[in-house]
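Novice: Predicted model, plus sequence, below.
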Amino acid sequence: MKQSKHRWQRTLILCLLSLSVVAPVIFVSRRLQLLTHDGRTDFLEDLSTVKYRADLLKSNAIKQEDSEELEEPKEVVYKENDVDSTLSDGSENNDDSEESRIEGSRNNFLEKNELDHDETQDQEVHQKGSASMDETQNQEAQHKGLSSTDGDKKKFNITVMENQNMQTHSQRKTDQNIKVKAKQSDLTVNQHRQVSRHQSRRVTNQTVMEIKDQIIRAKAYLGFVPPSSTSHLVKELRLRIREMERAVGEATKDSDLSRSALQKMRHMEASLSKANRAFPNCAAMASKLRAMNHNAEEQVRSQQHEVTHLVHLAARTTPKGLHCLSMQLTADYFALRPEDRKLPNENKIHDPELYHYAVFSDNVLACGVVVNSTVSNSKEQEKLVFHIVTNSLNFPAISMWFLLNPPGKAAIHIQNIDNFEWLSKYNTFKKPNSSDPRYTSELNYLRFYLPDIFPTLNKILLFDHDVVVQQDLSTLWNINMNGKVIAGVGTCQEGETSFRRMDMFINFSDPYIAERFDVNACTWAFGMNLFDLQQWRRHNLTGVYHKYLQRGSNMPLFNTGSLPLGWLTFYNKIMVLDRRWHILGLGYDSSIDKNKIEQAAVIHYDGIRKPWMDIGLGRYKSYWSNFMKFDHPLLRRCNIQA
């Protein structure tokens, strides 16, 4: 009985041993057939090269990681001898080499993943076989040392289950490693593509610059020959220059060039090589290039002076659309009956308890934006009164505009400067030797006669016509001016483009000026100023203005314009406001912080680049155009756009 039991156990153990040996062999043979088409021989050859290929792939991966750390492409040094090879190889095959490099790196990573996967599976097979052999030996030891009971069968079954669990866990880890490596390979390929695109963007104008360099060199060589020379080389260089200039045209990047440009570059380089042999003196060539550089700088300076002149000329010229609008409004105004020309709410214009704003202007659109922006941001529109003073030429147009576009609940009062009979006795407006309307316009000097223009008012806020109101200004009317005449924003913050000091505009070498004023005194900005007319009358500042104006006409005390006169007249009479009330420079400074502009109560387009002109700074135009309805029929008729 015992012998039969031992025989049965030996039979069972032998079966398990045979199973553990045969199963891996079958598994490996099936794997061989899947990996190769030619059978076992090719697979063994592949296995013999696994170590070599794995080492090669690791070294390639190291090189690729180093290339990814490059932040800039290598500089391309232009050499005369390498032009043909550069044009034929570098320009035409650049895209193909870039794509092949990326595809090669992707294939290398895919091959590495397959090899790693095969090695992992082979290791699993060996692990399974060794695990089975260890199991068999352990079972034999148990068989020799233990009695044959039913507990032995249970232990054997538990061991088999543990081995199966280990195999399943190993297979899952292998699958996870494959997925991680695949993701890493895709990420690396994407990084290579991004680097290649970044490098291609950096050199997009390389060919254009080389063409321009060739043209400059050819012109320099032509400078060595007499103008009347008709040699074959001179004709060839002139022909190449014309060809290259037509080829490059207005191109700024390589993609704008035609396909024939590269061939023409090769022809030009051949001609330059001939010229180099004909004129080998490098010192003369360097001298010629320096002379050409000097001439180019002189041309740039001349162009800059011409641009400045044209910009100032455009600033003094009325745009065609604005002239059309004034003519249309004037014609419509005179077509009205006299009783229809009255503006609404005229009974408020003399009430000193209301908020009175004054604008001196001959520009219809500018007046419209000042009024619209102030009304739109006001919390008490019924308290607003606008006083617009203009000349007789623009009085009908401005009146008609506000008849067609009344400012809501606010009152508006339009006056003609020619109706101020008291103003004729002064006759001190126009400054000789100046053609700039900013200095000769009578409207620009009316600010010194505010108490005479508005005899019934105690306070008035004066706007320039190139401002835009962005906040409610009612709190400004309630500030305590402490006996000062004018309230404004200072312009003495160093480092800003609006920085001004009195010595920059006033002649302090004159003893009369040096005794009465501080050379380091701060100035303030006109354009948004609150005036206490009662204090003005008490100090007789209009008389002070006339005194400095008369003295300045006899000797050069200050620059042309009304700003220096204002600083002298209101010296020590200014109350400085917080800078957020008034932001300057939108007519000449393109670097003003956007946050400061949006937080300011009033923005000022001081300078020559006004927002209603084509030369205005584009980044600031929207703040102005938001308060003008460009779909108005009259604006469309005169082709006035934002």
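Specialist: Happy to help now that I have it.

Novice: Please count neighbours and contacts with C-alpha atoms only from this point.
Specialist: Noted.

Novice: Check T49 and give its pLDDT.
Specialist: pLDDT for T49: 46.

Novice: Equivalent analysis for H546, please.
Specialist: So, for H546, pLDDT stands at 90.

Novice: That one is in what secondary structure piece?
Specialist: Following DSSP states H and E, one finds H546 within helix 541-554.

Novice: Helices of the stretch 501-642 of the chain, residue ranges please.
Specialist: Using DSSP state H, counting those that start in this stretch, the helices of the stretch 501-642 of the chain run over 511-516, 533-539, 541-554, 563-569, 594-599, 621-625, 633-637.

Novice: Now do the fifth one: everything it contacts.
Specialist: Think helix 594-599. Contacts to helix 594-599, defined as CA atoms under 8 Å, 6 or more residues apart in numbering, come from residues Q470, R580, I583, I603.

Novice: In the residues you listed, which residue is surrounded by the most others?
Specialist: Counting neighbours by other CA atoms under 10 Å, I603 comes out on top of these with 27 neighbours.

Novice: returning to what we had before: mind giving me a markdown table with the helices of the stretch 501-642 of the chain and columns for mean neighbour count and distance to A291?
Specialist: What follows is those, written out as a markdown table (neighbours: other CA atoms under 10 Å; distance: least, CA to CA, whole Å):
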| stretch | mean neighbour count | distance to A291 |
| --- | --- | --- |
| helix 511-516 | 12 | 49 |
| helix 533-539 | 16 | 62 |
| helix 541-554 | 15 | 47 |
| helix 563-569 | 21 | 45 |
| helix 594-599 | 14 | 44 |
| helix 621-625 | 17 | 43 |
| helix 633-637 | 14 | 53 |
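
Novice: do you know which of those helices lies nearest M268?
Specialist: For M268, the closest of the helices of the stretch 501-642 of the chain is helix 621-625, at 47.4 Å, according to CA to CA.

Novice: And the average pLDDT for that closest one is what?
Specialist: 95.

Novice: Over to stretch 249-263?
Specialist: Stretch 249-263 comes out at a mean pLDDT of 84.

Novice: Wait, L635 touches M628, no?
Specialist: No. Counting by CA atoms under 8 Å, L635 does not reach M628; the two are 9.9 Å apart.

Novice: And G488, what's its pLDDT?
Specialist: At G488, pLDDT is 93.

Novice: Which other helices and strands does the helix or strand containing it contact?
Specialist: For G488, the element it lies in under DSSP H and E is strand 486-489. The contact analysis (3 or more CA pairs under 8 Å, 6 or more residues apart in numbering; DSSP states H and E) places strand 486-489 against strand 528-532, strand 574-577.

Novice: ranking these by burial, who's on top?
Specialist: Sort the helices and strands packed on strand 486-489 by mean neighbour count, taking mean count of other CA atoms under 10 Å, and strand 528-532 sits at the top with a mean of 22.

Novice: Give me the sheet partners of it and which way each runs.
Specialist: Here strand 528-532 is paired, per DSSP bridges, with strand 459-463 (antiparallel), strand 486-489 (antiparallel).

Novice: Over it, what's the mean pLDDT, rounded is fine.
Specialist: Strand 528-532 comes out at a mean pLDDT of 96.

Novice: Check stretch 565-585 too.
Specialist: 91.

Novice: Could you list the residues in contact with that stretch?
Specialist: Counting by CA under 8 Å, 6+ apart, 481, 484-490, 497-498, 502, 523-524, 528, 541, 544-545, 548-549, 558, 592, 596-597, 599-607 sit against stretch 565-585.

Novice: Pull up the distance across that stretch, start to finish.
Specialist: 21 Å (CA to CA, to the nearest Å).

Novice: Use 14 as the first number for this chain going forward.
Specialist: Sure thing, new numbering starts at 14, so read that last one as stretch 578-598.

Novice: Return the helix or strand in this structure with minimum mean pLDDT.
Specialist: Ranked by mean pLDDT, DSSP states H and E, the weakest helix or strand in the chain is helix 96-98, scoring a mean of 40.

Novice: Which parts of stretch 305-315 count as buried, going by neighbours?
Specialist: Within stretch 305-315, the residues scored as buried using 16 or more other CA atoms under 10 Å are M305.

Novice: in stretch 21-33, what's buried?
Specialist: Those would be L29, L30, S33, for stretch 21-33 by 16+ other CA under 10 Å.

Novice: Please read the previous query as pertaining to stretch 224-238.
Specialist: Buried residues in stretch 224-238 (16+ other CA under 10 Å): I224, Q227, I228, R230, A231, K232, A233, Y234, L235.

Novice: same question, stretch 616-623
Specialist: I616, H617, Y618, D619, I621, R622, K623.

Novice: Closest one to E434 out of the contacts of helix 607-612, please.
Specialist: Closest to E434, out of all of the contacts of helix 607-612 and judged by CA to CA, is I616, at 34.3 Å.

Novice: wait, which of the strands paired with strand 541-545 is closest to I628?
Specialist: I628 lies closest to strand 472-476 among the strands paired with strand 541-545, at 22.5 Å (CA to CA).

Novice: if we look at the closest one, which residues are touching it?
Specialist: Applying CA under 8 Å, 6+ apart, the external contacts of strand 472-476 come out as 365, 368-373, 460, 540-547.

Novice: what's the spacing between F373 and L342?
Specialist: Applying CA to CA to F373 and L342 gives a distance of 19 Å.

Novice: swap in R20?
Specialist: For R20, the distance to L342 equals 124 Å [CA to CA].

Novice: Please look at S405 and N429 and confirm they touch.
Specialist: Yes. Under the criterion of CA under 8 Å, S405 makes contact with N429 at 5.8 Å.

Novice: host element of V481?
Specialist: strand 480-482.

Novice: counting contacts, what elements does the helix or strand where A304 lies pack onto?
Specialist: For A304, the host element (DSSP H and E) is helix 295-328. Packing partners of helix 295-328 (3+ CA pairs under 8 Å, 6+ apart): helix 219-235.

Novice: tell me the angle of the helix it packs on relative to helix 295-328?
Specialist: With axes from the mean of the first three to the mean of the last three CA atoms, to 10 degrees applied, the angle from helix 219-235 to helix 295-328 works out at 110 degrees.

Novice: For helix 219-235, give the mean pLDDT please.
Specialist: Throughout helix 219-235, pLDDT has a mean value of 88.

Novice: And stretch 308-319, by the same measure?
Specialist: Mean predicted confidence for stretch 308-319 is 92.

Novice: cool, stretch 338-355 as well?
Specialist: 94.

Novice: List the buried residues in that stretch.
Specialist: Across stretch 338-355, burial judged by 16+ other CA under 10 Å covers L338, S339, Q341, L342, T343, Y346.

Novice: burial count for the closest residue to the last one other than its chain neighbours?
Specialist: Closest residue to Y346 apart from its sequence neighbours, by CA to CA, 6 or more residues apart in numbering: M413 at 5.4 Å. A count of neighbours around M413, defined by other CA under 10 Å, yields 24.

Novice: Check the gap between M413 and E359 for me.
Specialist: Using CA to CA, M413 is found at 15 Å from E359.

Novice: and Q428, what are its bridge partners?
Specialist: Bridge pairing for Q428 - DSSP bridges - gives V402.

Novice: Now do R214, the pLDDT please.
Specialist: 48.
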